[in-house]
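Colleague: sequence? don't have it. structure:
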Ligand SMILES: Cc1cc2nc3c(=O)[nH]c(=O)nc-3n(C[C@H](O)[C@H](O)[C@H](O)COP(=O)(O)OP(=O)(O)OC[C@H]3O[C@@H](n4cnc5c(N)ncnc54)[C@H](O)[C@@H]3O)c2cc1C
């Protein structure tokens, strides 16, 4: 197909998060006519930001690992390389009222909550995973079983159980060992050496900078980016995609397209999908997807809460599972002296907490926040929000790999790319961008211009 023919091809992208933007960017760079439909007021999806102290900050905490090479390359390509800071991460474990530093291998040796023997087993198991690149052999195995076998019950309970719980809530016992492998392998790969302290990356001024640049680049290349535009229905004719219906400011419009990429969570894709998808084995796969809510209570304080950036809460009665004090990573000076703390939790779809107001959540969390700092008082709070996302975390259980839907659907020209297709790595901007590029390559190949 010639470049002129490709220009005449219309591709619709549903969702203006990182995946949709990356796919659209790749498509316009290959001469395709693209329109993004984003239901929110702003772009960025889970990476969208708010203003604090004259600067932007993500509604959900965000950082990068050195192994996140795709997003790092993209940030540089878009001209923001000099704003990408790599800073030491101050991580720790919280138990009862004590905070145990957990930054490097030496901290593990000092972690007196478990015996020296358990600490050695914890270290050896992590080393084993760091040098084992054959992750496929872990498929079908539960991380909890593997860890208990090789690390022992007490090491599991003190270290890895809280980490699994911090991501997957009540599902922590069923999580895939392949996912856990990815977590350890890639985390170590992002260090300069086994004993080196971890450095994490952050785009000063927020990740919104590269999101804005992506949308600018798409528009410059004659792409269209529509916000406050919710796709309600996908049209097909003889199992070939033909267009969509979307609503914008109360009005409904139809648009034609030759290909359509959906990057929304699966439950939204199911809502707008044509019967040819829903009434197929592919539709059966979609119905197996399970998500947890992600939620954060975000407090802006007039002083620090602790001196830790990433604090994993190990006590089962804690209503939140990680405390992320962003300004122990990026200086509070960047936010006009404000201190920014996220209290993160993941919850099942029917969890009543997700319906609560910010004040109600704060009321519940307050005595537990005081376990981190007994002096914490509401008078320290300058602003507060409670953010939730229904599709915050797919549950990557030990049979997850058998249920990953391909990007191509049974409908010709209709594609799906969302974080239920990221595996075995943990979901993140890096893998969303990689997936957006891959989905765009599939579309280009199917439209007649192979990128492979
Ligand atoms: C709590 C939390 C912490 C995280 N921390 C990190 C981190 O430290 N580092 C990191 O790299 N990643 C992190 N991530 C993950 C990262 O944010 C995601 O992997 C990535 O943003 C997902 O992008 P996406 O485009 O696939 O999905 P989304 O961001 O969910 O985008 C989907 C978009 O579709 C839109 N949409 C939905 N329905 C419709 C419709 N009908 N019509 C039109 N548009 C629609 C939504 O508004 C949304 O903008 C974190 C995520 C969470 C929840």
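Modeller: Thanks, I have it. Here the structure is a predicted model, which means the values were calculated and not measured. Residues are numbered from 1 along each chain as shown.
Colleague: Phi and psi next, for the nearest residue to residue 241 once chain neighbours are set aside.
Modeller: In space, residue 241 comes closest to residue 413 once its chain neighbours are excluded; the distance is 3.9 Å by CB to CB, 6 or more residues apart in numbering. (C-beta placed from N, C-alpha, C; glycine too.) Dihedral pair for residue 413: phi 90, psi 0, per degrees, to the nearest 10.
Colleague: Looking at the stretch 101-250 of the chain, which residue is nearest the ligand?
Modeller: Closest contact between the stretch 101-250 of the chain and the ligand, by CB to the nearest ligand atom, is at residue 231 (3.9 Å).
Colleague: give me phi/psi at that residue?
Modeller: According to degrees, to the nearest 10, residue 231 has phi -80, psi 130.
Colleague: in the sheet, who's paired with it?
Modeller: When bridges are called by DSSP bridges, residue 231 pairs up with residue 246.
Colleague: Count residues in the vicinity of it, would you?
Modeller: 25 (other CB atoms under 10 Å).
Colleague: likewise the one 3 residues further on?
Modeller: Burial of residue 234, expressed as a neighbour count using other CB under 10 Å, amounts to 24.
Colleague: Same question for residue 375.
Modeller: Count around residue 375 with other CB under 10 Å applied: 8.
Colleague: Spell out the secondary structure type for it.
Modeller: Three-state call for residue 375 (DSSP: H, G, I helix; E, B strand; the rest coil): coil.
Colleague: Distance of it relative to the ligand?
Modeller: According to CB to the nearest ligand atom, to the nearest Å, residue 375 and the ligand sit 27 Å apart.
Colleague: ranges for the strands of the stretch 301-450 of the chain?
Modeller: 310-313, 322-325, 339-347, 381-394, 414-416 (DSSP state E, counting those that start in this stretch).
Colleague: how near is the residue of the stretch 101-250 of the chain closest to the ligand to residue 255?
Modeller: Applying CB to CB, to the nearest Å, the value for residue 231 to residue 255 is 9 Å.
Colleague: Equivalent analysis for residue 441, please.
Modeller: According to CB to CB, residue 441 and residue 255 sit 23 Å apart.
Colleague: what do you get for residue 412?
Modeller: Taken as CB to CB, the span from residue 412 to residue 255 is 18 Å.
Colleague: Residue 416 contacts residue 269, correct?
Modeller: Yes - between residue 416 and residue 269 there is a contact under CB atoms under 8 Å: 5.8 Å.
Colleague: Overlap in contacts, those two.
Modeller: Counting by CB atoms under 8 Å, 6 or more residues apart in numbering, the residues touching both residue 416 and residue 269 are residue 262.
Colleague: List phi and psi for the closest residue to residue 431 other than its chain neighbours.
Modeller: Of all residues not flanking residue 431 in the chain, residue 422 sits nearest, at 4.5 Å (CB to CB, 6+ apart). Here is the backbone geometry of residue 422 (degrees, to the nearest 10): phi -100, psi 120.
Colleague: is it true that residue 16 touches residue 41?
Modeller: No - Residue 16 lies out of contact with residue 41 (CB under 8 Å); the separation is 10.5 Å.
Colleague: which neighbours do those two share?
Modeller: Counting by CB under 8 Å, 6+ apart, the shared contacts of residue 16 and residue 41 are residue 227.
Colleague: out of the two, which sits in the busier spot?
Modeller: Between residue 16 and residue 41, counted using other CB under 10 Å, residue 16 has the larger neighbour count: 28 against 8.
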